[in-house]
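1. Output the structure for:
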Amino acid sequence: MKRLSPLTVILTGAGAPGWPDICRSLVENNERTIDIVAVDMDRDVAGYRLVKKHAVVPAGVSPAYIPAMVCLVKKFKAHAIVPLTDPELPALASAASLFKKMGVVLPVARPSAIAIAADKIRTHEFLTNRHRAIPAYRIARTSVEFSVAIAALGYPKTKVCFKPGIAHGSRGFRILDPQATEAATLFAEKAENTRYAMTGERAREILDNCASFPSLLVTEYLPGKEYSVDLLVRKRSVAAVVCRERTRIRFGLTYQGRVIADPKLERLAVDIALRIGLTFNANIQFKKDAAGTYRLLEINPRTSGTIALCRAAGVNLPYLGLKLALGERITAQKPVPGTRNYRYWTHVFT
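-> Numbers count the residues shown, from 1 in each chain. Just a heads-up that it's a prediction; the model follows:
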């Protein structure tokens, strides 16, 4: 088979846990040589040790971020930028035309779609009355609204959840459980477990002591299994879908999971992605309620951290996303159900 032209790709978020697998997914593509430039705001991360070229950039929300990325494109003669972290997505999406003039492709959704998907409150507001997968929810921006919201959703007779509208890696997520005790949390939960429970009274005490009350999405408690759907989306259709069951989760990452064949879950994810206007790589997470119905958890308008499981199942979504951005032909691919992942720690020694 004739090899395609080589590419230089700037891959951001080099300190992210999923970065090494996504880097390998791009490099080990069997079609062309891809030279990776690792980029991060941190000056010393593992990703720098896995490739020959790397660079430090300002934070994605900094006004200096886009000028820095422009300089890197020129320095390394890059053909594409593949972003892996949420904070930089709005800036890159808004600068897509600038990079296009430079001959650089960006597999990133439009700013309007990112604004909806990246904010959990906006996601639920947008999909209310548009999609049946939305769980029961309320929005709280004051202490009084928070008390009214948890009561409306059944607390203290039943558990209730809350999380900030904009947060990353399960930060700020808590389950309100009237039976929760801080002693149990202290001695029974590991420090990295951000999914532990607290009482509504304790939550109010903490929130009232914040400098300003955060905007919170308060939702019904979903006791069922959790699922993740990775998609590759064209403007009006979906090129590939991989459904996964998340059987063990730590730090917001799937430490154990398996690929499943579930047409209903696939249809739900596709419908949501197209309604919001997502394009290229995206990830949508669901959880089952007490009746076994899929309910939306959140949307990631980017490549997910456990997308390597999709590649192991036969669908190399990071590379396919790059090909889609390049305007190259993509052949239909179906994942192998039952493929599993077991995440573990490893090291880079220098």
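2. what about stretch 107-115, average pLDDT?
-> For stretch 107-115, the mean per-residue pLDDT is 97.
3. same check, this time on stretch 41-51
-> Stretch 41-51 shows a mean pLDDT of 97.
4. Could I get the buried residue list for that stretch?
-> For stretch 41-51, a neighbour-count test (16 or more other C-beta atoms under 10 Å) marks 41, 45-48, 50-51 as buried. Any C-beta I mention is one placed from the backbone N, CA and C, and that applies to glycine too.
5. What are the boundaries of the strands in the stretch 51-200 of the chain?
-> For the stretch 51-200 of the chain, applying DSSP state E, counting those that start in this stretch gives strands covering 53-56, 80-82, 137-140, 160-164, 174-176, 197-198.
6. any idea how far residue 250 is from residue 335?
-> Distance from residue 335 to residue 250, counting by C-beta to C-beta, to the nearest Å: 23 Å.
7. quick one, which of these two is more surrounded?
-> residue 335 (23 against 16; other C-beta atoms under 10 Å).
8. Number of residues surrounding the residue nearest to that one when sequence neighbours are not counted?
-> Excluding the flanking residues, the one nearest residue 335 by C-beta to C-beta, 6 or more residues apart in numbering is residue 313, at 3.8 Å. If you count neighbours by other C-beta under 10 Å, residue 313 ends up with 21.
9. Residue 313 and residue 242 touch, don't they?
-> Yes: the criterion here is C-beta atoms under 8 Å, and residue 313 meets it with residue 242 at 6.4 Å.
10. surely residue 307 meets residue 319?
-> No: if you go by C-beta under 8 Å, residue 307 and residue 319 don't touch, sitting 10.5 Å apart.
11. Need the residues touching each of those two.
-> Listed as contacting both residue 307 and residue 319 by C-beta atoms under 8 Å, 6 or more residues apart in numbering are residue 25.
12. Those two - which one has more neighbours?
-> residue 307 (26 against 23).
13. show me what contacts the more buried one?
-> Counting by C-beta under 8 Å, 6+ apart, residue 307 touches 18, 21-22, 25, 230, 281, 283, 317-318.
14. Got phi/psi on it?
-> Phi and psi for residue 307, reported as degrees, to the nearest 10, are phi -70, psi -10.
15. bridging residues for the residue nearest the centre of the chain?
-> Most central in the chain under C-alpha atoms, centre = their mean is residue 300, positioned 3.4 Å from the mean C-alpha point. Legend: beta-bridge partners of residue 300 under DSSP bridges are residue 283.
16. pLDDT value on it, please?
-> 96.
17. Looks like it contacts residue 282 (just checking).
-> Yes: in this structure, residue 300 is within contact of residue 282 by C-beta under 8 Å, at 6.8 Å.
18. Tell me how many other residues surround residue 312.
-> Number of residues near residue 312 (other C-beta under 10 Å) recorded here: 17.
19. Tell me how far it lies from residue 93.
-> The value you get for residue 312 to residue 93, if C-beta to C-beta is used, is 29 Å.
20. In contact with the nearest residue to residue 61 once chain neighbours are set aside, which residues?
-> The spatially closest residue to residue 61, leaving aside those adjacent along the chain, is residue 87, at 5.1 Å (C-beta to C-beta, 6+ apart). Residue 87 sits next to 59-61 when contact means C-beta under 8 Å, 6+ apart.
21. Out of those residues, who's the most crowded?
-> Busiest of the contacts of residue 87 [other C-beta under 10 Å] is residue 60, holding 20 neighbours.
22. which one is that residue nearest to, not counting chain neighbours?
-> For residue 60, the spatially nearest residue (C-beta to C-beta, 6+ apart) is residue 88, at 2.7 Å.
23. what's the answer for residue 81, then?
-> In space, residue 81 is closest to residue 10, 4.6 Å off (C-beta to C-beta, 6+ apart).
24. For the one you found, which three-state class applies?
-> strand (DSSP: H, G, I helix; E, B strand; the rest coil).
25. Next: residue 240.
-> Following three-state DSSP, the label given to residue 240 is strand.
26. sorry, back to before: out of the buried residues of stretch 41-51, the closest to residue 149 would be?
-> Nearest to residue 149 out of the buried residues of stretch 41-51 is residue 41 (C-beta to C-beta; 35.0 Å).
27. From residue 61, how far off is that closest one?
-> Per C-beta to C-beta, residue 41 is found 10 Å from residue 61.
28. try residue 188
-> Taking C-beta to C-beta, one finds residue 188 at 37 Å from residue 61.
29. what does the least confident helix or strand in the chain by mean pLDDT contact?
-> Lowest by mean pLDDT, DSSP states H and E among the helices and strands of the chain is helix 182-188, with a mean of 72. The list of residues contacting helix 182-188 from outside it, by C-beta under 8 Å, 6+ apart, reads 196-198, 202.
30. Please apply the same query to stretch 258-267.
-> 227, 229, 241-245, 247, 286, 294, 309-310, 313, 335-341.
31. looking at the strands of the stretch 51-200 of the chain, which is closest to residue 31?
-> Residue 31 lies closest to strand 80-82 among those, at 14.4 Å (C-beta to C-beta).
32. Centre of the chain to that closest one, how far?
-> Distance of strand 80-82 from the chain centroid (C-alpha atoms, centre = their mean, to the nearest Å) equals 17 Å.
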